[in-house]
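J.: predicted structure and sequence below. I'll ask about it afterward.
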Number of protein chains: 2
Amino acid sequence: MSPTAPGRRGPRARRVTLADVAARAHVDPSVVSKVVSGDPSLRIRPETRRRVLAAIRDTGYRPNALARSLRSARSGMLGMFVPDFTDAASARIVAGAETAAAELGMLLVTGSNTGPGLRRYVELLGRGRIDGLLLVRDEQGSGVLGELERSGVPWLLLDLAGGQARRHVVPDDERAAALAVTHLRSLGHRRIAQLPARRAGGTHGHGATAMRAFLRRGSQATAVIVPDVVAATGALAALRAVGRSVPGDLSVVALRDLPPAADLTPPLTAVRTPFGDLGRRGVELLVRTGADRPVAEVVSTGVRLVERGSTGPPR
Amino acid sequence: MSPTAPGRRGPRARRVTLADVAARAHVDPSVVSKVVSGDPSLRIRPETRRRVLAAIRDTGYRPNALARSLRSARSGMLGMFVPDFTDAASARIVAGAETAAAELGMLLVTGSNTGPGLRRYVELLGRGRIDGLLLVRDEQGSGVLGELERSGVPWLLLDLAGGQARRHVVPDDERAAALAVTHLRSLGHRRIAQLPARRAGGTHGHGATAMRAFLRRGSQATAVIVPDVVAATGALAALRAVGRSVPGDLSVVALRDLPPAADLTPPLTAVRTPFGDLGRRGVELLVRTGADRPVAEVVSTGVRLVERGSTGPPR
DNA sequence: GTCATTTAGTCAAACGTTTGATCAGAGTTA
DNA sequence: TAACTCTGATCAAACGTTTGACTAAATGAC
């Protein structure tokens, strides 16, 4: 075996460390460290700095993230646990969080509840790997969260106002509902019903069931507000099944707009919920506020009505 | 300030280390290490093992993942770079990968191209943080991949058969297309057209444009295969716009089935592509095969036609 | 010319593991 | 009883940084 090959084969270069760079630049490793991490307390001659920078470039040095984190007790990573990646709202929250994290020089370690659950995720994470945990719409978390708290890892609940400890950021659903009502009233509706929401997100079946119940009640309402697009899809199907036309017989507006809405028949009028901003704000608050301070923020930016084809004047 | 409080306030217990456990169990730290990580070369008396286990339980010890990774040069994390989390196919790939990773005791560090791009992502990752990188449908990667390869990090391209180095896993699109054709022929179709695919995933506009072009050509085809659901949505809209009925005037079947398909009008017949399995298989191959061996796998499991309402016998 | 201060660094101790080498004592063999 | 071989551990050197304490030389004040 070749003397330079530590691995399988091929002349894979030995890792370049701080010490290698230091030797090449004729300085102490600590100087290189401080230059790399931009330590403001470092006093250094311009010429020396140039030498260090050149050595870094020549050797292709890249800091070892693990050693760095171990020593400094900051990993530069955030945990993010979502119910399900394939859920469109979760995906948007992740995307927003990811961008915000990258802007802060951090990374996301994701996990989802479609796998073996939060407890196992935190277990896999081990100690030291994350500087904070973002939990999307998770009700059971409490036990695990206590442990996290004890080991000093701050956490934040997203899209669900959480139980005992007030540490959450949620979208402004009230404003969304108000926007929907205003829109419907401006079209002339006076009797507006609201289909019940389910705490952890609606399903197609749930929307259909709720709509059938609404029809059975023989409500006088000329317009109905549905808590989300998935439920609205079910509701629309239920209406079609009994031959009611939308928006002719009934106007429908959904909260928490998501992409499928535009492709339904009729295209669904909906209030946009800023899921991306939710994730972004979550990251920002998580890294800015200490683990022990309460956080209860409502994200209202970008909540607005998108008028499509499912609303019109009452008959 | 309380003497036990290293942080802000409150009696946050000092981190428990291997040494603490060792002291409590009256053994050397290395014994605890070997017990925790299940080192098979360790010879230990049952009673000693019991003492160690008890000490671990009593102290609530959890290994420091950073120290462990630093020393052992394995991080237990995999990088995953996707074009966009909010893309339904990507989300499914991530979900599959996440589950497979968890089963192997590993975690995913995600990044997406909606942020500052692959180069910056790899930069943020630094050295040592990941044991491999999964790249979903990324064409530009080449430059970065060379660097990765040089530093010994294996990678794999998903859902795109990649250029120079053969390291990819892709879904069986040929089988999918064959299934679509078989279905259409069994309905009686003899002239079947295929709308052109775009390498990096279709858009609504792309589907509409392609369908208009198809109509302009005055094709004799009675059925058409569309490369994905998003494009099919556009195609359906274009057909509706010119008053053609589906499946009356034209049967439409999409490849790469995804959720919105069932809620379109008419519900879209489509061939299911196992995106989750793609992610899962990617993880498995990434951790099993060395960085230098070529990988070119086609995932065919679960490719099957889902008949909905957009296909029927020709007029 | 002496003392204090600033400049431009050096030094060494962590951070918490893993891992191969080493070792004391008990048991076995010749 | 001397020379081995197990067994059940211990020991110490990494892994690659960060960070505060320290210092030699140069500068400035008086």
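T.: It's in. Numbering: from 1, shown residues only, chains lettered A, B, ... in the order given.

J.: can I assume A:Pro219 is in contact with A:Leu195?
T.: Rather than Pro, residue A:219 is Ser. No: with contact defined as Cβ atoms under 8 Å, A:Ser219 does not reach A:Leu195; the gap is 10.7 Å. Where C-beta positions appear, they are placed from N, C-alpha and C, glycine not excepted.

J.: which one of those two has more residues nearby?
T.: Higher neighbour count among A:Ser219 and A:Leu195: A:Leu195, with 24 against 13, using other Cβ atoms under 10 Å in any protein chain shown.

J.: for that one, what are phi and psi?
T.: Here is the backbone geometry of A:Leu195 (degrees, to the nearest 10): phi -70, psi 140.

J.: tell me the pLDDT of it.
T.: The confidence metric pLDDT takes the value 96 at A:Leu195.

J.: separation between the closest residue to it other than its chain neighbours and B:Arg293?
T.: Nearest residue to A:Leu195 in three dimensions, chain neighbours excluded: A:Ala210, at 4.5 Å (Cβ to Cβ, 6 or more residues apart in numbering or on different chains). Plainly put, A:Ala210 is 54 Å away from B:Arg293 if you go by Cβ to Cβ, to the nearest Å.

J.: more crowded one of those two?
T.: A count of neighbours by other Cβ under 10 Å puts A:Ala210 above the other of A:Ala210 and B:Arg293, at 23 against 12.

J.: list the contacts for the residue nearest to A:Leu195?
T.: Applying Cβ atoms under 8 Å, 6 or more residues apart in numbering or on different chains to A:Ala210 gives the contacts A:Leu195, A:Pro196, A:Val226, A:Ala231, A:Gly234, A:Ala235.

J.: which of the residues you listed fall in strands?
T.: The strands, defined by DSSP state E, take in A:Val226 from the contacts of A:Ala210.

J.: any part of the helix or strand of chain A with the lowest mean pLDDT near chain B?
T.: Scoring the helices and strands of chain A by mean pLDDT, DSSP states H and E places helix A:142-150 at the bottom, with a mean of 82. Yes: applying Cβ under 8 Å from any Cβ of the partner chain, one finds that helix A:142-150 is in contact with chain B at A:Arg150.

J.: do stretch A:264-277 as well
T.: Yes: for stretch A:264-277, a contact with chain B is found by Cβ under 8 Å from any Cβ, at A:Leu264, A:Thr265.

J.: about what we covered before: the host helix or strand of the residue nearest to A:Leu195 - what's its average pLDDT?
T.: Taking DSSP states H and E as the definition, A:Ala210 sits inside helix A:204-216. Per-residue pLDDT over helix A:204-216 has a mean of 96.

J.: what's the answer for stretch A:79-90, then?
T.: Mean predicted confidence for stretch A:79-90 is 95.

J.: same check on stretch A:232-242?
T.: Regarding stretch A:232-242, the rounded mean pLDDT is 96.

J.: ok, stretch A:122-133 next?
T.: Averaged over stretch A:122-133, pLDDT sits at 96.

J.: same thing with stretch A:110-117?
T.: Average pLDDT, stretch A:110-117: 91.

J.: count the neighbours of A:Pro294 for me.
T.: Residues near A:Pro294, counting by other Cβ under 10 Å: 9.

J.: also the one 5 residues further on?
T.: A total of 23 residues lie near A:Val299 under the criterion other Cβ under 10 Å.

J.: who does it form a beta bridge with?
T.: In this entry, A:Val299 is beta-bridged to A:Pro171, by DSSP bridges.

J.: doesn't A:Gly279 make contact with it?
T.: No: taking contacts as Cβ under 8 Å, A:Val299 lies outside contact range of A:Gly279: 9.8 Å.

J.: tell me where the stretch 101-250 of chain A has helices.
T.: Here the stretch 101-250 of chain A has its helices, by DSSP state H, counting those that start in this stretch, at A:118-125, A:142-150, A:173-186, A:204-216, A:229-241.

J.: now A:Arg191, nearest residue through space, not along the chain?
T.: A:Ala221 (4.4 Å).

J.: now the one you found: how far from A:Ala241?
T.: 19 Å.

J.: neighbour count: these two, which is higher?
T.: Neighbours were counted for A:Ala221 and for A:Ala241 using other Cβ under 10 Å; A:Ala221 has more, 18 against 12.

J.: tell me how chain A divides into domains.
T.: Listed by automatic domain parsing, the domain ranges of chain A are A:18-63, A:73-171+A:275-299, A:173-273.

J.: who touches the residue most central in space within chain A in this structure?
T.: By Cα atoms, centre = their mean, chain A has its centre lying nearest to A:Ile93, at 2.9 Å. Contacts for A:Ile93 (Cβ under 8 Å, 6+ apart) come out as A:Val82, A:Val136, A:Leu158, A:Asp159, A:Phe275, A:Gly276, A:Leu278, A:Gly279, A:Gly282.

J.: again, but for A:Pro83
T.: Neighbour list for A:Pro83: A:Ser90, A:Ser112, A:Asn113, A:Thr114, A:Val136, A:Arg137, A:Asp138, A:Ala200, A:Gly201 [criterion: Cβ under 8 Å, 6+ apart].

J.: any of those buried? List them.
T.: A:Ser90, A:Ser112, A:Asn113, A:Thr114, A:Val136, A:Arg137, A:Asp138, A:Gly201 (16 or more other Cβ atoms under 10 Å in any protein chain shown).

J.: contacting chain B as well, which ones from those residues?
T.: Applying Cβ under 8 Å from any Cβ to these, those adjacent to chain B are A:Ser112, A:Thr114.

J.: would you list the buried ones among the contacts of A:Pro83 in TSV and tack on distance to B:Gly105?
T.: TSV is the format used below for the buried ones among the contacts of A:Pro83 (distance: Cβ to Cβ, whole Å):
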residue	distance to B:Gly105
A:Ser90	24
A:Ser112	16
A:Asn113	18
A:Thr114	17
A:Val136	23
A:Arg137	26
A:Asp138	22
A:Gly201	30
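
J.: which of the buried ones among the contacts of A:Pro83 fall within strands?
T.: Those of the buried ones among the contacts of A:Pro83 lying in strands (DSSP E): A:Ser112, A:Val136.

J.: so which of the buried ones among the contacts of A:Pro83 is the closest to A:Thr59?
T.: For these, the minimum distance to A:Thr59 (Cβ to Cβ) is 39.5 Å, reached by A:Ser112.

J.: how near is that closest one to A:Arg150?
T.: From A:Ser112 to A:Arg150 the distance is 24 Å (Cβ to Cβ).

J.: now the helix holding A:Ala210: how far from the chain's centre is it?
T.: Helix A:204-216 sits 30 Å away from the centroid of its parent chain (Cα atoms, centre = their mean, to the nearest Å).

J.: and it, what's buried?
T.: For helix A:204-216, burial by neighbour count (16+ other Cβ under 10 Å) applies to A:His204, A:His206, A:Gly207, A:Ala208, A:Thr209, A:Ala210, A:Met211, A:Arg212, A:Phe214, A:Leu215.

J.: in this structure the second one contacts A:Ala232, no?
T.: I take that to be A:His206. No: judged on Cβ under 8 Å, A:His206 makes no contact with A:Ala232 at a distance of 10.7 Å.
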